[in-house]
Structure formats: structure tokens, C-alpha cells
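Output the structure for:
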Amino acid sequence: MPADFQSYKNCHLCPRNCGVDRVSEERGTCGESAECRISYCGPHFGEEPSFSGTKGSGTIFFCGCSSHCIFCQNIQISVSGGEGRPISSELLFDEVRSLAKTGVHNLNFVSPDHFWPHIRKLCHDLRSEGIEIPFIYNCSGYQEPGLISEIAEHMDIFMPDFKFAEPGLARYCMGDSAYPEIALAALREMFKSKGFLRPFDTDGETVAEKGVLVRHLVLPGQVANSISVLEILHREFGPCLPLSVMSQYRPIPACQERGNFARELLREEYDAVCERVEELGFENVYVQELSPETKFLPDFNAKSPFPGNQNSHK
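I've put the predicted structure just below:
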């Protein structure tokens, strides 16, 4: 498939619609030019068992992000000028093809939306080479709904976040009060294209092949937001929706400096959210052990950014 990077010239790949000419090395709201950059390409055992299974999920972490959440757990790579390395389309293909051949269960594209033209070509070329394992679009939920049908032509699985139900909280955390509306519209398109994640196996013995799983990170002091998220998802998609309710929040220095989200999640907060999960009758849910350890805060300067997280979900 020939490279087609024209959409970088007047970039509208995310809901920010900044219109920047990234081909001319201008940086979009995502913090990136048209030069693809990644921070890690390798097996990852810390995803939900449906993705990590027994051999790991083949993750490719892309640099930059258009969400700009003030509490971002991947802050080392998500900001403009952050950690990472430029990579040509040819080398990206070689590295990802080699990763696929190690036996990982899938290829997991993390924060992919602003590099979609590169990933679209990569997916086409990998399929042409006979790589048949599932491809995962692992994203923030802050996606351009109109692009989902095109993305679904190349991806087998969508793994979006649904971070905020409350517009005011979204505006404070990432500068766009429209996040709940945009994310929900994108989710509808994802489910229309792929349906619920299947199979859903909490033990990881049978990995997922197709569909959608929604993630939600519970934030300290924001139980009401999390409960609203659950109620919206239940109303829209019903109790069979595959869901991952995460407790892994860790305060980063920027939060401590601002004095907001500066502490860890309390057990009673997470328990309250999980209780609402049960009350609503969700049937396919991953939850996490609440641990004081910081193993969930990645270090992208290390060879393996996520040490010791093989058994993080259940």
C-alpha cells in the first residue's frame, strides 16, 4: 500500500481539529509532526487477560496525545518533546512484523489516532505479509467519530477509554467540555462496527478476537463521575457491555503542583464504584486489586516500562 500522508497537511485526525500542516514539521495539538515517533514496541503482560493472555499483547506506544489530561499516567511520552524516537515507515513495519512473529496474541496500537495514516499503511502491509493476529485500537475515547468506520476496516478490536461523564470535569482535566458527547458518539460507531468484545475470558486462556471493551479509570475524589460513566454506558449499551474498571491511578508531579488529583485513590472510593457496577448488573467486567505499589506508572526510560504487572486484572 503506498503511503498517503496528505491528511497530515491540514490535520483533522482528532476532535481538536487544529488544521496544522504537520508535513511542514509544524506540531499539532497532539504535539507531533508528520514524523512518526514511538516509545516502546514489545510484549506487554499488564493488559486485561483478554488481551495479554499467556504470551502477552504486542504493544506499540506512539508518542504524543491530543487529550492532554492533567493526570496522564503516560506523561513521559504524551507531551510534546517527550520520550520516544522517530521511526520510518519501513523500520516501523520491520519492528512490528518481528514483534508479531514472537508469538504475542495481538498487535496493540496505543494512542494511535494522530498517527493514523502511518498505522493504516502498517496494518495493510502486515496483512499483506500474512500477519493474521488481531489488531487493537487502544485509545482515549477522544476520537473523531467520522473516522471510526475507516479505522474499523483495519482494526479487529477497539479498546477505548470513557473518562468523563461530566462536561465540567472534562473541561478542567483536558480542556474540552464536549469530551462526553464526542466519546459517546465514537463509542456508538465502534460498537456498530465491531459489537461486544468476544470471547470474554477473565482467565486469559482464550484471548479476544474481535469487538469492543470500554475502560474507565477511577479518579480520586471523583466517585460521582465514575458512577455517571457507568450509568451512561449501561443506558446506551446494556449490562452485557465488556468493561474494565481500573484502580491504577497514581498522582504525577503536575497534579501535586496544582493541588488537584494529588493523592492516590482510596479503597472506599473504588469499592463504591465497584458496588455500582454490581447494582447495574454488568456481566462482563474486569476489576483491579487496589495496591499501594506504583507498578502501574510506566517508566519509558526502562527496557520494560511495566515491570511486575502480569496479574493486574481479574
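
For the rest of this, base every contact and every neighbour count on C-alpha atoms.
OK.

Let me know how buried residue 106 is, in neighbour terms.
Residue 106: 28 surrounding residues under other C-alpha atoms under 10 Å.

residues contacting it?
Applying C-alpha atoms under 8 Å, 6 or more residues apart in numbering, we find residue 106 in contact with 51, 57, 58, 100, 133, 134, 135, 136.

Now tabulate those in TSV and tack on pLDDT and neighbour count.
Output for those, formatted as TSV (pLDDT from 0 to 100; neighbours: other C-alpha atoms under 10 Å):
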residue	pLDDT	neighbour count
51	97	29
57	97	28
58	98	27
100	98	22
133	98	17
134	98	18
135	99	22
136	98	28
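
Could you report the separation of residue 48 from residue 257?
Note on residue 48: its distance to residue 257, by C-alpha to C-alpha, to the nearest Å, is 32 Å.

Strands along the chain, start to end?
In the chain, the strands defined using DSSP state E lie at 37-44, 57-62, 85-86, 107-110, 135-139, 157-160, 211-212, 214-217, 243-246, 285-287.

what's the angle from the second one to strand 37-44?
For the pair strand 57-62 and strand 37-44, the angle between their directions (axes from the mean of the first three to the mean of the last three C-alpha atoms, to 10 degrees) equals 170 degrees.

List the contacts of strand 57-62.
36-45, 47, 51, 77, 96, 99-100, 104-112, 115.

related to what we said a few turns ago, quick one, which of the strands of the chain is packed in tightest?
strand 157-160 (a mean of 27; mean count of other C-alpha atoms under 10 Å).

picking up where we left off before, more neighbours: residue 48 and residue 257, which one.
residue 48 (24 against 10).

I'd assumed residue 286 was in contact with the more buried one.
Yes. In this structure, residue 48 is within contact of residue 286 by C-alpha atoms under 8 Å, at 7.3 Å.

any low-confidence regions in the stretch 1-150 of the chain?
1-2 (pLDDT under 70).

which stretches of it form helices?
Secondary structure of the stretch 1-150 of the chain (DSSP state H, counting those that start in this stretch): helices located at 49-52, 75-78, 89-100, 116-128, 148-152.

out of those helices, nearest to residue 203?
For residue 203, the closest of the helices of the stretch 1-150 of the chain is helix 49-52, at 6.1 Å, according to C-alpha to C-alpha.

Buried residues, that closest one. List them.
Of the residues in helix 49-52, 49, 50, 51, 52 count as buried by neighbour count, 16 or more other C-alpha atoms under 10 Å.

Now for these: which two are most distant?
50 and 52 (6.1 Å).

Show me whatever sits in contact with both of the two.
204, 207.

and the residue positioned nearest the centre of the chain, what are its bridge partners?
Nearest to the geometric centre of the chain sits residue 139, at 3.1 Å (C-alpha atoms, centre = their mean). Bridge pairing for residue 139 (DSSP bridges) gives the partners residue 160.

tell me the contacts of it?
Contact analysis of residue 139 by C-alpha under 8 Å, 6+ apart lists 110, 111, 112, 113, 158, 159, 160, 161.

Next: residue 269.
220, 221, 223.

Columns distance to residue 274 on top of the buried residues of helix 49-52, output as TSV?
Shown next, in TSV, are the buried residues of helix 49-52 (distance: C-alpha to C-alpha, whole Å):
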residue	distance to residue 274
49	19
50	20
51	22
52	23
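
which one among those gets closest to residue 153?
Nearest to residue 153 among the buried residues of helix 49-52, counting by C-alpha to C-alpha, is residue 51 at 19.9 Å.

sorry, back to before: the strands of the chain into CSV, with extra columns for distance to residue 126?
Shown next, in CSV, are the strands of the chain (distance: least, C-alpha to C-alpha, whole Å):
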stretch, distance to residue 126
strand 37-44, 15
strand 57-62, 14
strand 85-86, 20
strand 107-110, 10
strand 135-139, 10
strand 157-160, 16
strand 211-212, 20
strand 214-217, 26
strand 243-246, 29
strand 285-287, 30
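
Nearest to residue 253, out of the ones you listed?
Residue 253 lies closest to strand 214-217 among the strands of the chain, at 18.4 Å (C-alpha to C-alpha).

average pLDDT across the closest one?
The predicted model assigns strand 214-217 a mean pLDDT of 98.

do the same with stretch 285-293
Stretch 285-293 comes out at a mean pLDDT of 84.

Now that stretch - C-alpha only, CSV.
Provided in CSV are the C-alpha atoms of stretch 285-293 (Å, rounded to 0.1, in the frame of the first residue of the first chain):
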residue,chain,number,x,y,z
VAL,A,285,-16.2,-6.8,33.9
TYR,A,286,-12.6,-6.6,34.8
VAL,A,287,-11.7,-5.0,38.2
GLN,A,288,-8.2,-4.5,39.7
GLU,A,289,-6.7,-5.1,43.1
LEU,A,290,-6.1,-1.8,44.8
SER,A,291,-2.4,-1.7,45.6
PRO,A,292,-0.1,1.0,47.1
GLU,A,293,2.7,-0.1,44.7
